[in-house]
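Asks: sequence plus the predicted model coming up.
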Amino acid sequence: MKYFIKNALIINENKKQKGSVLIEDEYIKRVITDPNEIQNIPGQVDNVIQADNKVLIPGIIDDHVHFRDPGLTHKGDIYTESKAAVAGGVTSFMDMPNTNPPTCTMEEIHHKNAIASLKSFANYAFYLGLTDNNIHVIEQINPETIAGIKIFMGASTGNLVVSDRTNLETIFAHAPVLIATHCEDDTTIQSNLQNFTKKYDSHIPIEKHPDIRSPEACYKSTKKAIELAEKHSSNLHLLHLSTQQEIELLRSLSNNKISGEACIHHLWFTDEDYTKYGPRIRWNPAIKQKKDQEALRKALLDNVIEIIGTDHAPHTAEEKQIYIYPENYNYTTAPSGSPSIQHGLLTMLELHYQNILPIETIVQKMSHNPAYRFNISKRGYIREGYYADLALIDLHTAPWQVNQDNLLYKCKWSPFDGVQFHSKITHTFVNGNLIFENGTFNETIRGKQLKFNR
């Protein structure tokens, strides 16, 4: 199949230029920026997409999702959440291990790959979860097929925590792939939780969430991870940074083997939004103050933070206790995490609309840098010979509002309910296939397993 995307504004590798892209089978065959060359396109083109007044970017690579498959598929599954992903311009994702059972063995990795091969609209890869009980699995890792090792260095889902210092030293010394860490200090969190429980019992106000999962808890754990990585020269990726203090830690480093991720929600919301959105915006780490949000945004512009991810993590509305909040809300039983992958790119484009982030920075942090940091083969850029993973965007559409009717998440709610956007993703290509076009999906095509050049 050949497609010709004609006269788009191409955003790629820190450049904006008018151009056209020829897709042949799975790959980008030609990138044409000279309008005189358009007449020389050889052979029959199956489909010409007139892209005047639209922006073409490399497809988003989301380094941080929880698609809940297998075992928790009442919340979401690889079919539903990858469908939401491609509607949001995401062409590849890397899924975390806290499923049921947890992805802590190579057998579970293979099982997830098999599920994704049948269900995923987007390209896929999976993290291996390490705990205090499966350190030996490090020896079985194939660096070409595993996204990375995920470590929860604090409170998390189930038993997915590495707390033993010897085990941490072993992981940081011997990991053959990138180590991705969730950094919150559990001792600090439990002490804070105990104090608030004494005052409020189980009905702790949602506004206290960033006091329980405090900046100190984040800082202590992140500092520990950095110290281990520097000691062992490890390849460390710090997930969902949320505090000014953590940014200051990163600014003091000169180690290019340590990178950081900011998530959509920490860049969009602040603690002032808890009153309006309640449990919809309860994440771990917590949404914090305006000064923390500003530090994260500045860190993106200064290239202190390399990657923007979503941490897409659906729960049902009943589990989140959305519709009984605040009168009957039980803080101690309600989960953290929310769905966001359908609206992650749109949210960042809204920051572009507000003159906060250049669109080149958005593409760098959401497409180029994930491909570069994870050594993903032939993706993340608009280059001849690379896979044709592309998103076409109308930056000047009529303003539209997120509501339940246009949500694709299985859980059918969003923290962005009621938010108005000024952009739309109109087309998404995955491996040269037009998988999404103006609300319509090609249900016959599936994504590919990501390969890593390691």
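Replies: Received it, and whenever you're ready, just let me know what you need.
Asks: quick one: residues contacting Val304.
Replies: By C-beta atoms under 8 Å, 6 or more residues apart in numbering, the contact set of Val304 is Ile247, Leu250, Arg251, Gly260, Lys298. All C-beta atoms are positioned from the backbone trio N, CA, C, and that covers glycine.
Asks: that one should be in a strand, yeah?
Replies: No. Counting by DSSP: H, G, I helix; E, B strand; the rest coil, Val304 is not found in a strand; it is coil.
Asks: returning to that earlier point: show me which of the contacts of Val304 are buried.
Replies: Those of the contacts of Val304 that meet the buried threshold are Ile247, Leu250, Gly260, by 16 or more other C-beta atoms under 10 Å.
Asks: list the ones among these that fall in strands.
Replies: Judged by DSSP state E, the subset of the buried ones among the contacts of Val304 located in strands is Gly260.
Asks: quick one: mean pLDDT for the top helix by length along the chain?
Replies: Longest helix of the chain, by residue count under DSSP state H: helix 215-232. The pLDDT scores in helix 215-232 average 97.
Asks: from the middle of its chain, how far away would it be?
Replies: In terms of C-alpha atoms, centre = their mean, to the nearest Å, the centre of helix 215-232 is set 22 Å apart from its chain centre.
Asks: next helix or strand past it?
Replies: Helices and strands here follow DSSP states H and E; after helix 215-232, the next one along the chain is strand 236-238.
Asks: show me what that following strand packs onto, helices and strands only.
Replies: Here strand 236-238 touches strand 179-183, helix 215-232, strand 258-263, going by 3 or more C-beta pairs under 8 Å, 6 or more residues apart in numbering; DSSP states H and E.
Asks: that one pairs with which strands?
Replies: strand 179-183 (parallel), strand 258-263 (parallel) (DSSP bridges).
Asks: separation between Tyr27 and Tyr386?
Replies: For Tyr27, the distance to Tyr386 (C-beta to C-beta, to the nearest Å) stands at 7 Å.
Asks: what does Ile308 give?
Replies: Distance from Ile308 to Tyr386, by C-beta to C-beta: 21 Å.
Asks: which one of those two has more residues nearby?
Replies: Ile308 (30 against 19; other C-beta atoms under 10 Å).
Asks: next SSE after the helix or strand hosting that one?
Replies: Counting by DSSP H and E, the element that carries Ile308 is strand 307-309. Heading C-terminal from strand 307-309, the first helix or strand you meet, by DSSP H and E, is helix 317-320.
Asks: show me the contact partners of that following helix.
Replies: Residues outside helix 317-320 that contact it (C-beta under 8 Å, 6+ apart): Lys75, Pro279, Arg280, Arg282, Tyr323, Ala334, Pro335, Ser338, Cys411, Lys412, Trp413.
Asks: if any of those are buried, put those into a PyMOL selection.
Replies: To isolate the buried subset of these in PyMOL, counting by 16+ other C-beta under 10 Å, use the following:
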select buried, resi 75+279+280+282+334+335+338+411+413
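Asks: return the subset of the contacts of helix 317-320 lying in helices.
Replies: In this view, those have no member that belongs to helices under DSSP H.
Asks: return the member of the contacts of helix 317-320 nearest to Ser214.
Replies: Arg282 (14.7 Å; C-beta to C-beta).
Asks: gap between the closest one and Gln39?
Replies: 56 Å.
Asks: equivalent analysis for Ala391, please.
Replies: In terms of C-beta to C-beta, Ala391 sits 27 Å off from Gln39.
Asks: how does this protein divide up, domain by domain?
Replies: Using automatic domain parsing, the domain parsing of the chain gives 2-56+382-398+418-441, 58-373.
Asks: next, give phi and psi for His368.
Replies: phi -60, psi -50 (degrees, to the nearest 10).
Asks: now it. Nearest residue, chain neighbours left out?
Replies: Gly380 (5.4 Å; C-beta to C-beta, 6 or more residues apart in numbering).
Asks: I'd say that neighbour and Pro58 touch.
Replies: Yes. With contact defined as C-beta atoms under 8 Å, Gly380 and Pro58 form a contacting pair (5.6 Å).
Asks: where do the helices of this protein begin and end?
Replies: Going by DSSP H, the chain shows helices at 78-87, 106-119, 165-174, 186-200, 209-212, 215-232, 244-251, 264-268, 274-277, 290-301, 317-320, 344-353, 359-363, 369-373.
Asks: give me the beta-bridge partners of Lys16?
Replies: According to DSSP bridges, beta-bridge pairing links Lys16 with Ile11.
Asks: the nearest residue to Glu272 once chain neighbours are set aside - how many residues pack around it?
Replies: Distances taken as C-beta to C-beta, 6+ apart put Lys290 closest to Glu272, at 7.1 Å, once the chain neighbours are dropped. When counting by other C-beta under 10 Å, one arrives at 10 neighbours for Lys290.
Asks: and the pLDDT at the nearest residue to Leu9 once chain neighbours are set aside?
Replies: Distances taken as C-beta to C-beta, 6+ apart place Val55 nearest to Leu9, at 5.0 Å, with adjacent residues excluded. Per-residue confidence (pLDDT) for Val55: 98.
Asks: and Val55, how far from Ile32?
Replies: 16 Å.
Asks: Lys320 now?
Replies: In terms of C-beta to C-beta, Lys320 sits 48 Å off from Ile32.
Asks: pretty sure Phe421 is touching Leu351, no?
Replies: No. In this structure, Phe421 is not within contact of Leu351 by C-beta under 8 Å, at 11.1 Å.
Asks: local confidence estimate at Ala155?
Replies: 54.
Asks: repeat for Gly59
Replies: Reported pLDDT for Gly59: 98.
Asks: could you do the one 10 residues further on as well?
Replies: Listed pLDDT for Asp69 reads 98.
Asks: again, but for the one 3 residues further on
Replies: What the model reports as pLDDT for Leu72 is 98.
Asks: no further questions, thank you.
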